[in-house]
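Enquirer: coords below, sequence missing:
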DNA sequence: TAATGTGAAGTTGTTCACAGCG
DNA sequence: CGCTGTGAACAACTTCACATTA
């Protein structure tokens, strides 16, 4: 339909769009039909024109003098982000975090279906978690190809993240979400996202430290 | 010692510093003594001058014509970020993710000690996880004050995140790391970080979609 | 001499302000 | 009339280029 423009879209815009979707969903559940950029901005903690700019990358979804129809806007963003479909996902590294993700139902609710889990620890192989049997990592490349998986999630210890990434790429994966606290190297055409909550702990620690030293002035 | 400058430090700088620390640690373990901004940049996937600029916010840590002493630099960054101490942390919401964090040893290794866990589900209260008894959330404010806790981690379902935040603030917490996929509102002086892996899944999905449509041109 | 530290240039992202439209 | 959509102004961040120094 839209998606006609071809400027490069800022990363920041994408992650804000994700926030908008989330808040729009809540509104929809509350029965709110129309929302202005002003009000949505307030809820998301951003500037109203920011929202309008972000949306403008993908099309014109609003009605002047009125605002945005909540349901319509949500669908438009979902479509723009490529979320109007399901994505097959595999997970590598069945530790604490891996298990939590396997059991997490929000992923599935958002269209990300974990179709296989892998680990190289013989003690974990064969174990069943959330209806999924843990397989040996060596089987990963073939499985992902057979199951037409496009996204890989890495939840291994840091030192094994690169190896996991290599297996995933061998399996023809197109994007990786890396929860391990270490950088991985991949060719340009593989999209990599890092989820490192320790960094956020660091940020908070830093901000607290700074707020306190500011208080002393 | 340093920390003399008082320009505002970009958020982005902070999160990159966290990456540098991580990579420096790996190097130290490998016995590497000296590193240039060039090489470190390569490992971290950033521009060399970016590193030098980032470090310049905090002081001069390098030796011209030589580079940076790995151990020294790591310590300098840790100190600058306020990581040369331990931080008491409480966790609210003992679901899959909460459990995973409680059992995660990387947090403690980095100086973040979870000293208490809370949940409002009577079935969970009393349960012991990673040597910590789950307490009723109503006890949170008093406990955090008594234990001198500065950071709260929220791992509740989204609809309960705000309530958790309120309890934490009542308990005198100064910073919050919110893993729940919903915005929370707090006064200015509370530092809030959002960890939302779903957003990263969205980003990857979007990038894959875009790469593919690029391929069609 | 090699690599840092840094002003200046360049790039990217954000906010403003208002024209345009339902 | 009110709120969107958007060019223009602004702010923030990144990279360049080179003077500086161990």
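Expert: Received the coordinates, thanks. Quick caveat: nothing in here was measured; it's all calculated off a predicted structure.
Enquirer: can the host helix or strand of residue A:72 be found next to chain B?
Expert: For residue A:72, the host element (DSSP states H and E) is helix A:70-81. Yes - looking at helix A:70-81 against chain B by C-beta under 8 Å from any C-beta of the partner chain, the contacts come from residue A:81. Backbone N, C-alpha and C define where each C-beta goes, glycine included.
Enquirer: Given the following helix or strand past that helix, what are its sheet partners and their directions?
Expert: Using DSSP H and E, the helix or strand that follows helix A:70-81 towards the C-terminus is strand A:87-92. Strand A:87-92 has the following sheet partners, assigned by DSSP bridges: strand A:112-119 (parallel), strand A:151-154 (parallel).
Enquirer: roughly how far out does strand A:87-92 sit from the chain middle?
Expert: 12 Å (C-alpha atoms, centre = their mean, to the nearest Å).
Enquirer: burial count for residue A:159?
Expert: 11 (other C-beta atoms under 10 Å in any protein chain shown).
Enquirer: residue contacts, it?
Expert: By C-beta atoms under 8 Å, 6 or more residues apart in numbering or on different chains, residue A:159 lies in contact with residue A:182.
Enquirer: roughly how far apart are the closest residue to residue A:186 other than its chain neighbours and residue B:213?
Expert: Using C-beta to C-beta, 6 or more residues apart in numbering or on different chains and skipping the chain neighbours, the partner closest in space to residue A:186 is residue A:192 (5.7 Å). Relative to residue B:213, residue A:192 is positioned 19 Å away (C-beta to C-beta, to the nearest Å).
Enquirer: How about residue A:29?
Expert: From residue A:29 to residue B:213 the distance is 32 Å (C-beta to C-beta).
Enquirer: Tell me which helix or strand in chain A has the weakest average pLDDT.
Expert: Lowest by mean pLDDT, DSSP states H and E among the helices and strands of chain A is helix A:197-215, with a mean of 90.
Enquirer: is that one anywhere near chain B?
Expert: Yes - judged by C-beta under 8 Å from any C-beta, helix A:197-215 comes into contact with chain B at A:197-211, A:213.
Enquirer: And that helix, what does it pack against?
Expert: helix B:11-29, helix B:70-81, strand B:87-92, helix B:105-109, strand B:151-154, strand B:175-178, strand B:191-194 (3 or more C-beta pairs under 8 Å, 6 or more residues apart in numbering or on different chains; DSSP states H and E).
Enquirer: how about it: buried residues?
Expert: A:197-210 (16 or more other C-beta atoms under 10 Å in any protein chain shown).
Enquirer: show me what contacts the residue nearest to residue A:186?
Expert: By C-beta under 8 Å, 6+ apart, the neighbours of residue A:192 are A:175, A:176, A:177, A:178, A:184, A:186, B:204.
Enquirer: Repeat the analysis, applying 10 Å as the threshold.
Expert: A:152, A:154, A:165, A:175-178, A:183-186, B:45, B:200, B:203-204, B:207 (C-beta atoms under 10 Å, 6 or more residues apart in numbering or on different chains).
Enquirer: For chain A, which residue gets nearest to DNA strand D?
Expert: Residue of chain A nearest DNA strand D, by C-beta to the nearest atom of the strand: residue A:62 (2.8 Å).
Enquirer: can you tell me how far the closest residue to residue A:211 other than its chain neighbours sits from residue A:208?
Expert: Spatial nearest neighbour of residue A:211, excluding adjacent residues (C-beta to C-beta, 6+ apart): residue B:189 at 6.3 Å. Applying C-beta to C-beta, the value for residue B:189 to residue A:208 is 10 Å.
Enquirer: which neighbours do these two share?
Expert: B:174, B:175.
Enquirer: residues near residue A:117, how many?
Expert: Neighbours of residue A:117 (other C-beta under 10 Å): 27.
Enquirer: If I look at the residue nearest to residue A:186, what pLDDT would I see?
Expert: Confidence at residue A:192, expressed as pLDDT, is 96.
Enquirer: Quickly list what it is bridged to.
Expert: With DSSP bridges as the rule, residue A:192 is bridged to residue A:176.
Enquirer: again with residue A:135
Expert: residue A:118.
Enquirer: Nothing else from me, thank you.
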